[in-house]
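[1] Predicted model and sequence below, questions to follow.
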Amino acid sequence: MEAIGNIVSLLFFPGGLFVIFAGLMYEWLDHKIIARSQNRIGPRWFQPIADAIKLLTKEEIVPDGVNPVLFAILPLIALAGALTAALYVPMAGLKPAYSFAGDLIVTVYMLSLLTLSIGLAGANAKERFSLVGSTRALTQLFAYEAPFLLALLGPAIAAGSWQISEIVAYTETHTWMMILQPIGFVVALIGLMGKLELPPFDSPEAETEIVAGALTEYSGRGLAIFHLGKGAELIIGLTLITAFYMGGVSNPVWFLVKTVGLLAVLAALQSLMTRLRIDQTVGMWWRYGALLVLLQWLIIVVVQLV
Amino acid sequence: MMLEMTQKEEKFIIPIGPQHPALKEPGHFEFAVDGELVTDATVRLGYVHRGIEKGAEARNWNQNLYLVERICGICSHIHAFTYARGVERLAEVEVPPRAQAIRVLVAELERIHSHMLWFGVAAHEAGFDTLFMFSWRDRETIMDILEGLTGNRVNYSANVLGGVKFDVTDEHRKTILEAVDFMEKRTKHYLNVVTTDAMFLQRTRGIGVANLQQAHRLGILGPTARASGVKRDVRVDAPYSAYKQFPIKMVVETAGDLEARFVVRLKELFESYRLIREILNNMPEGDLQVKRFPRRIKPGEVISRVEAPRGEVFYYIRSNGGEMPERLKVRTPTMMNMASVLAMAVGHQLADMPMLLVGIDPCFSCNDRGVAICNSKGDHDQWTWERLRQHGIDFYAEKV
Amino acid sequence: MLSEPITPVEDLLKQAEAILIPWIPEEAIQGLDDGYPLMLNYTDRRIKVTGTGFPDCLDVNVSAEELLTVIQTLLDNDWGYLATITGVDLGVEAGEIEVLYHFCHGTAVVTLSVKVPRENPVVPSICGIIPSASFYERELLEMFGVTITNTPNTDHLFLPDNWPDNTYPLRKDFVMHAN
């Protein structure tokens, strides 16, 4: 019986197909909101699904000079990382499928696997755009990762636990963390944008400079899987931030309302901003992001002591 | 010097073009980079070389008017204007004042749509797509006006030798004035955005600086030069056509960076709006064309210079007394400005390259002008489109 | 900002003449009133007349050897900027190629004309004085086959890399074989 439960949670819900499908829907919503704010009509609801199906059915071209095993396996690692992370978060407002003390750290690093895989995929190729893209992707990873993690740890310290389910239980019964820890919330939100390489942090895939960045050489299946991984990361990131900072996600309706609200904020930020150069991104994170989050920590510690 | 030498030996080259998302037209740039820093830049042009200068020698004076109009898709009117003005001077034909006013009117409308197009592209290169979408939406009002006036969105064919083809009616006047009011409001907004948006300024302020001396040395032209403090605008320096009756003020900035290039172009638009209103309110009466324009033009040479949206367009026309020109030389502003990009590129970040390139508002078609297809065997001849198509089909059939 | 008053074209051309006087043949200057009418009376040079009836161009014939000195003199006196370099093939019979250096200053245009033999056309590079002329010289080289001594770059600019040697499309004897 437990085996069936495990398989279901891995393949259908909350991991597997549910995350992939929901990721595509959230991606559509993101595109649609940006399009509307740019005075465009935007795609229809099934566009991301159609794109994914189209890419999955297309021939995958393995370029000369790459390690073919690595080339094929990196997208899978990226997606697997994202789907594994989905098992530890309160997806759709339900209890996480698995839980243990310290699973927050595991989840955050599972999410980083995607960026790491993209970086490696770019470095694996001989293409110059890929190389520059992968350098930028990894540089950016080092820039946002620490502040993002520290920002997520803020509520964890408040709750006195590094287990996601316990933190959520704590945030559900207390005032919204975004009011108590506004700095941490802002850093976490912007960190999520950096993680997902959304504008203004899209220099790793700036099409006007380096075409498609690290994934320039990817086509067909590999590209589709990376794409699905990104969608999964989007929804997991949104879930984590809503669960931690926006009063938890006690049921599916609240989950939907809160995550969509957060996504709208993300989309608005994207359509308002100019792409930052990679040096500006790194500068911004270490100069402001890291300091701000440390300040937040200081405040938390002081408040708890008092 | 030694440092440069060693870098050259192991340089990592990022190619931009001929086909690249940053370029709306084909051109090939190679940037040698050290990490993200650009250490060297070269350019290769000619991907849209159509042999127009040669072609002009085999067409009569009238046909050439339509040929030169196809040099560029954005500033098509300017080329026809420059050519017609040169040929009219050579033939000693006086163009009626109303026709001259209409020519300038279309030229200024074209400047607006060209600058708005550039503005959108530049915003896109900076990764600011919202601004890109909005500016192109607003540009449509001008495109609609041009379509209403001339029947075409591009290649308006407004000119004939000795005048213009169409008249500006009261109805046109009303719609144009309304559109200009709208555009003025929008341009004010955009000027505010490019000078105050902190994120955008990070990508433009202090980037790609060409000071006055450099601008002179590199021979930069047009708005790009005026952003560096070079007081050079043919409309002011050597007023031609209706610019004599409707003078224009030169817009000059001194910073010489990308921000200044944005500001100069946007401020120029206000001058264009003012001029358009002035022309429409004081339109001279009279004929649209001269009664007769000679088929043959007496021997001689003429230089015709006109300020295009991107800078000075220079035509040298020589007639040998026949029905066709002996020589037609076209020098477009992009040619000079392109060279400046290569000089400015060194020392900047790779991420700044698209912005720098776009900052001069390059027009590759203008630049290349010049269909002769050449194969590797060394014999050259002109291929028809059909033959080229067939060649492509055969080539791939063999490959499989 | 307000634009400065325009210098009349006559003054500009007078300045140019004063600068270029060493290269204007003596017989052209003799028997003339001082100053401006010089150009109008000088028949050897081509004076272009605009539709409104005033000349705005001054053409001076210069030999290839003197070219650099003349351009240097113009620049030293801060007169104008190089607009472009035009090549004109005068035809097989004439046996010459004319290279025109156009300098613009306000309304006025000074054109320095260098005639070189068609068989062996050689002009010196002016990139030492005006670095931005490199593109024009490359164009002149590939379109007319004019050898430019000391030019920094002789690569093709517009024509394809595999364009046949010694084929110069803007020469009059170049024939396009249309199908």
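    Great, that's in hand.
[2] what separates the helix or strand where C:Leu13 lies from the chain centre, distance-wise?
    Assigned by DSSP states H and E, C:Leu13 falls within helix C:9-20. Distance, stretch centre to chain centre, for helix C:9-20: 16 Å (CA atoms, centre = their mean, to the nearest Å).
[3] In it, which residues are buried?
    Buried residues in helix C:9-20, defined by neighbour count with 16 or more other CB atoms under 10 Å in any protein chain shown: C:Val9, C:Glu10, C:Leu12, C:Leu13, C:Lys14, C:Gln15, C:Ala16, C:Glu17, C:Ile19, C:Leu20. C-beta: built from backbone N, CA, C; applies to glycine.
[4] what do you get for stretch A:248-255?
    Neighbour counts over stretch A:248-255 (16+ other CB under 10 Å) mark A:Gly248, A:Val249, A:Ser250, A:Trp254, A:Phe255 as buried.
[5] Among the residues you listed, which ones are in helices?
    Of the buried residues of stretch A:248-255, the ones assigned to helices by DSSP state H are A:Trp254, A:Phe255.
[6] hmm, back to that, among the buried residues of helix C:9-20, find me the one that's closest to B:Glu184.
    Nearest to B:Glu184, judged by CB to CB, of these is C:Val9 at 34.4 Å.
[7] would you list the buried residues of stretch A:248-255 in a markdown table and tack on pLDDT and distance to B:Ser272?
    Putting the buried residues of stretch A:248-255 into a markdown table (pLDDT from 0 to 100; distance: CB to CB, whole Å) gives the following:
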| residue | pLDDT | distance to B:Ser272 |
| --- | --- | --- |
| A:Gly248 | 74 | 57 |
| A:Val249 | 76 | 55 |
| A:Ser250 | 75 | 59 |
| A:Trp254 | 82 | 54 |
| A:Phe255 | 82 | 53 |
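[8] Residues contacting the helix or strand harbouring B:Val330, please?
    According to DSSP H and E, B:Val330 maps onto strand B:325-331. With CB atoms under 8 Å, 6 or more residues apart in numbering or on different chains as the test, strand B:325-331 has contacts from B:52-53, B:56-57, B:61, B:64, B:68, B:71, B:79, B:83, B:313-320, B:369, C:83-84, C:86-89.
[9] try 7 Å this time
    Applying CB atoms under 7 Å, 6 or more residues apart in numbering or on different chains, the contact partners of strand B:325-331 are B:53, B:56-57, B:61, B:64, B:71, B:314-320, B:369, C:83-84, C:86, C:88.
[10] Then stretch B:221-237?
    Contact with stretch B:221-237 is made by B:210-212, B:215-216, B:220, B:243, B:248, B:250-254, B:256, B:260-261, B:264-265, B:268, B:305-307, B:310-312, B:333, B:336-337, B:359-360, C:3, C:6, C:106-107, as judged by CB under 7 Å, 6+ apart.
[11] Alpha carbons of it, as PDB, please.
    Provided in PDB are the C-alpha atoms of stretch B:221-237 (Å, rounded to 0.1, in the frame of the first residue of the first chain):
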ATOM      1  CA  LEU B 221      27.500  61.900 -38.200                       C
ATOM      2  CA  GLY B 222      23.900  62.700 -37.400                       C
ATOM      3  CA  PRO B 223      22.200  62.300 -34.000                       C
ATOM      4  CA  THR B 224      25.100  60.200 -32.700                       C
ATOM      5  CA  ALA B 225      27.500  63.100 -33.400                       C
ATOM      6  CA  ARG B 226      25.200  65.600 -32.000                       C
ATOM      7  CA  ALA B 227      25.000  63.600 -28.800                       C
ATOM      8  CA  SER B 228      28.800  64.200 -28.500                       C
ATOM      9  CA  GLY B 229      28.500  67.900 -29.000                       C
ATOM     10  CA  VAL B 230      29.300  68.000 -32.700                       C
ATOM     11  CA  LYS B 231      27.200  70.800 -34.200                       C
ATOM     12  CA  ARG B 232      26.500  69.300 -37.500                       C
ATOM     13  CA  ASP B 233      23.100  69.000 -39.000                       C
ATOM     14  CA  VAL B 234      22.600  69.600 -42.800                       C
ATOM     15  CA  ARG B 235      19.200  71.000 -42.100                       C
ATOM     16  CA  VAL B 236      20.800  73.800 -40.100                       C
ATOM     17  CA  ASP B 237      24.200  74.100 -41.700                       C
END
